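> Structure for the following, please:
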Amino acid sequence: LPSWIQTQLQDAFVNLSTEEAVQASRRFLRLMGQPFNKEDQLGLALLTREHVAKLVAQNQAELIRTGGLLGSGVGGPGLPTMPVGAGPTTHVPYGLTTVNQPRVVSTATNFK
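Residues are numbered from 1 along each chain as shown. The predicted model follows:
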């Protein structure tokens with residue numbers, strides 16, 4: 001097994017017989033097969049309106065801080081950066097074609 005899996009294995013689950021491994025797997029699958037309580041997932045897997053509003057505010061603050069323009073030269077991780085002042089339909093690295101237009105950011109949170 002890869003080292004990242006081996007580091008997560010507990011000593012109690014190493015060198016098991018086939019029957020013991022099957023029993024441990026059954027216990028694990030029974031535990032994982034239980035339904036989730038919605039209240040327990042709020043803030044972890046589910047976001048409340050307050051969480052969404054906070055994330056929108058953070059994103060807007062970041063856009064204001066960086067200028068919020070497509071051609072700002074600021075790219076996220078794994079994203080190509082676009083040259084500052086690139087004209088409309090400019091050929092940039094990675095074969096992308098950009099059109100410099102102002103970004104529209106909506107603060108509407110009309111969730112139903």
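> show me where this structure has helices.
Residue ranges of the helices in the chain, as given by DSSP state H, are 3-6, 18-32, 38-41, 49-66.
> rank these by mean pLDDT and give me the bottom one.
Mean pLDDT per stretch puts helix 38-41 lowest among the helices of the chain, at a mean of 79.
> Need the contact partners of it.
Where contact means C-beta atoms under 8 Å, 6 or more residues apart in numbering, the residues beyond helix 38-41 that reach it are Leu46. Where C-beta positions appear, they are placed from N, C-alpha and C, glycine not excepted.
> can you pull the buried residues of stretch 18-30?
For stretch 18-30, burial by neighbour count (16 or more other C-beta atoms under 10 Å) applies to no residue.
> who's in contact with that stretch?
So stretch 18-30 is contacted by 13, 16 (C-beta under 8 Å, 6+ apart).
> burial measure for Glu50, as a count.
10 (other C-beta atoms under 10 Å).
> can you check Arg65 too?
Arg65, neighbours per other C-beta under 10 Å, totals 9.
> quick one, domains of this structure?
Annotated domains of the chain cover 3-32, 39-98 [automatic domain parsing].
> about what we covered before: of the helices of the chain, which is nearest Ala12?
Ranking the helices of the chain by proximity to Ala12 (C-beta to C-beta) places helix 18-32 first, at 8.4 Å.
> Backbone torsions only: list them for the residue nearest to Leu42 when sequence neighbours are not counted.
Leaving aside its chain neighbours, Leu42 sits nearest to Thr48 (5.7 Å; criterion: C-beta to C-beta, 6 or more residues apart in numbering). The phi and psi values for Thr48, taken as degrees, to the nearest 10, are phi -90, psi 170.
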